[in-house]
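Colleague: have a look; sequence and predicted model below, questions after that.
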Amino acid sequence: MVFLLLVAGAVGGFVAGLVGVGGGIIFGPVLFFVFQAAGIEDPILTPLTLGSSLLCTFAASASGTVAQARAGAIDRRTALVVGAVAAVAVVLVGRFVTTEPWYDKQAFQLILGVLLVVVVVRMLLKKDRADTLSTAGARTGPLPLAATGLGAGVIAALAGVGGGVVMVPAFSGLVRLPMRVAAGTSTAAITVITAVGVATYTVLGWGAAVPEGALGYVDWRGAAALALPAVVTARLGVSTAHRIDVRAVRLSFAAFAAVVAARLLWNALV
């Protein structure tokens, strides 16, 4: 089991660096299945999965942010504004998730699965602009950034991801950042979002009947096997993203999201 977690963490970190999603769309499902196999059930299973996934995502995105900054692929103002708005949404929606009994494992899998299907379709239909790091012509006004941050924060709290599944297509389409900058800026914003998310789920789960090794709804010991290799491979993913064609980055994101969506929807509906 530990070996599989290490492999999954390495893959999640690489994908996080490659396409700017933070890796939560791998970490979340993996932790969900691991906790469920350990006999953990709701009302602890779902919030524990969300909080622990956010911790792994923070580790991967923080490592990726350093590499993206060195590559000059982060629009810092956009990342800070979107990250701040999303952080507020994480706190508010996190409170909702941990107090509503209907938000269980089926709802978690269904929401994340449907979200990923929408993202896959959007990315497959998208036409690429020039492969550049220039942000000239980007629409970084308060309205598009606030809308992106709100969507990212809601999804981060509901699905245990960093919000990159919202931010990458939004930055590329709505904000009109080049694909490589969209991925780098998303990675930086995810670091802010997940740091707040981890703190939120720790506080909200304080005193709950969580497994040994967990602080609130964040299982630090269980997440370590995913987070440690992700820190290393996130940087490899970033370097790979800046060496290959931008279309390959976009299609890699779509292919990965489709596989995860299929697994989640199958478990939720069958």
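Modeller: Alright, I've got the coordinates. Fair warning: this is a prediction, and the values are worked out from it, not measured in the lab. Residues are numbered from 1 along each chain as shown.
Colleague: so what's the spatially closest residue to Gly216 that is not a sequence neighbour up against?
Modeller: Distances taken as CB to CB, 6 or more residues apart in numbering place Gly205 nearest to Gly216, at 3.2 Å, with adjacent residues excluded. Where you see a C-beta, it was placed from the backbone N, CA and C, and this is true even at glycine. Residues in contact with Gly205 (CB atoms under 8 Å, 6 or more residues apart in numbering) are Pro47, Leu48, Gly51, Thr98, Ala214, Leu215, Gly216, Tyr217, Val218.
Colleague: now the helices for this structure?
Modeller: Remark: helices assigned in the chain by DSSP state H are 2-19, 24-37, 45-70, 76-97, 105-125, 142-159, 164-173, 179-204, 220-241, 246-269.
Colleague: out of those, the one nearest Val210 is which?
Modeller: Nearest to Val210, of all the helices of the chain, is helix 45-70, at 6.2 Å by CB to CB.
Colleague: now the angle from that closest one to helix 142-159?
Modeller: 140 degrees (axes from the mean of the first three to the mean of the last three CA atoms, to 10 degrees).
Colleague: in helix 45-70, what counts as buried?
Modeller: Buried positions in helix 45-70, judged by neighbour count with 16 or more other CB atoms under 10 Å: 45-65, 67-69.
Colleague: on that earlier part again, want to throw the contacts of Gly205 into JSON lines with distance to Ala146?
Modeller: Formatted as JSON lines, these follow (distance: CB to CB, whole Å):
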{"residue": "Pro47", "distance to Ala146": "27"}
{"residue": "Leu48", "distance to Ala146": "30"}
{"residue": "Gly51", "distance to Ala146": "25"}
{"residue": "Thr98", "distance to Ala146": "25"}
{"residue": "Ala214", "distance to Ala146": "33"}
{"residue": "Leu215", "distance to Ala146": "32"}
{"residue": "Gly216", "distance to Ala146": "29"}
{"residue": "Tyr217", "distance to Ala146": "27"}
{"residue": "Val218", "distance to Ala146": "28"}
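Colleague: from Ile155, how far off is the closest residue to Leu150 other than its chain neighbours?
Modeller: In space, Leu150 comes closest to Ala89 once its chain neighbours are excluded; the distance is 5.5 Å by CB to CB, 6+ apart. As judged by CB to CB, to the nearest Å, Ala89 and Ile155 stand 9 Å apart.
Colleague: neighbour count: the two, which is higher?
Modeller: Ile155 (26 against 22; other CB atoms under 10 Å).
Colleague: if I pick Leu116, what's in contact with it?
Modeller: Leu116 sits in contact with Ile25, Val165, Ala257, Ala258, Val260, Ala261, Leu264, where contact means CB under 8 Å, 6+ apart.
Colleague: separation between it and Gly163?
Modeller: Leu116 is 13 Å from Gly163, by CB to CB.
Colleague: who touches both of the two?
Modeller: Counting by CB under 8 Å, 6+ apart, Leu116 and Gly163 have no common neighbour.
Colleague: please name the bridge partners of Ala214.
Modeller: When bridges are called by DSSP bridges, Ala214 pairs up with Asp219.
Colleague: these two touch, right, it and Gly222?
Modeller: Yes. The pair Ala214 / Gly222 is scored as a contact, 7.5 Å apart, by CB atoms under 8 Å.
Colleague: joint contacts of these two?
Modeller: Joint contacts of Ala214 and Gly222 (CB under 8 Å, 6+ apart) are Ser52.
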